[in-house]
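**Student:** give me coordinates for this.
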Amino acid sequence: CLFMEGAHVIQTQGLTRGTPTVLRMLQRVFSELSAAEAISPNDPELNLMKGFMDLLLAVNLPFANPDQAISRLQQGYPDYLSQRGIAIGLRDLQRYDEALGAVNRALAAAPNNPDLIYLKAQILFLKQDHQASLPYYAAALAQADQLPVATVRQIRYEECQAQGHNSSTCLTRAGLN
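**Tutor:** A predicted model of the protein is given here:
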């Protein structure tokens, strides 16, 4: 809950004004997570949550070690969520081959998950394998009713770009302009 409140503070107050408040909240989050870890250090859900947070920080802070966060996430449960988090972090670190391996492991556990299918399409697109990404964009869009409207629009936009269209055409097709 505190993590979401912190995101709201940054959104409403802006980064400069909201940072002191968010840092206090983040200290409290880490304190509560440490207390939970003292009770059950091998809890898979705790490892999943801490792994996600560690990876988010590691991807965005230059001095952080993303490999430690990935290691923690590998201890998370359920497997498809931990592998999804690893794939997202590796994607953001531009380690696309490793990200593809992680998303494939996630899809092995949850093959019909449209969010995972979309993530695979994104990674293939970022690897510049646009043709290979197209069936995954289409498969994710086939389950559009299970995704937020904003995500569906983003998938349409990215699929259009993978098809080789220019940005303004894709913005129009996706309903983003």
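
**Student:** grab the nearest non-local neighbour of residue 52.
**Tutor:** residue 85 (5.0 Å; Cβ to Cβ, 6 or more residues apart in numbering). For the C-beta atoms, the positions are set from N, CA and C on the backbone; glycine is no exception.

**Student:** what's the helix or strand that contains the one you found in contact with?
**Tutor:** In this structure, residue 85 sits in helix 79-92 according to DSSP states H and E. Here helix 79-92 makes contact (Cβ atoms under 8 Å, 6 or more residues apart in numbering) with 47-48, 51-52, 55-56, 58-59, 66, 69-70, 73-76, 96, 98-100, 102-103, 105-107, 109-110, 113, 115-116, 119, 122-123, 126.

**Student:** lowest-confidence helix or strand of the chain?
**Tutor:** Using mean pLDDT, DSSP states H and E, the weakest-scoring helix or strand in the chain turns out to be helix 44-60, at a mean of 74.

**Student:** list the helices and strands it packs on?
**Tutor:** helix 2-39, helix 66-73, helix 79-92 (3 or more Cβ pairs under 8 Å, 6 or more residues apart in numbering; DSSP states H and E).

**Student:** need the buried ones from the contacts of helix 79-92 selected in ChimeraX.
**Tutor:** Listed next is the ChimeraX selection for buried residues among the contacts of helix 79-92, using 16 or more other Cβ atoms under 10 Å:
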select :47,48,51,52,55,56,58,59,66,69,70,73,74,76,96,98,99,100,102,103,105,106,107,110,113,115,116,119,122,123,126
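
**Student:** next one, pLDDT for the most centrally placed residue in the chain please.
**Tutor:** In the chain, the residue lying closest to the centroid (Cα atoms, centre = their mean) is residue 88, at 4.3 Å. Looking at residue 88, its pLDDT stands at 92.

**Student:** and if you look at residue 2?
**Tutor:** For residue 2, the pLDDT comes out at 68.

**Student:** one more: residue 94?
**Tutor:** Reported pLDDT for residue 94: 94.

**Student:** residues touching it, list them.
**Tutor:** residue 126.

**Student:** same question, residue 37
**Tutor:** Remark: with contacts taken as Cβ under 8 Å, 6+ apart, residue 37 is in contact with 43, 46, 50.

**Student:** out of those, who's the most crowded?
**Tutor:** residue 50 (21 neighbours; other Cβ atoms under 10 Å).

**Student:** burial measure for residue 10, as a count.
**Tutor:** Using other Cβ under 10 Å, residue 10 is surrounded by 15 other residues.

**Student:** so what's it closest to, chain neighbours aside?
**Tutor:** residue 18 (4.6 Å).

**Student:** now do residue 115
**Tutor:** Spatial nearest neighbour of residue 115, excluding adjacent residues (Cβ to Cβ, 6+ apart): residue 147 at 7.0 Å.
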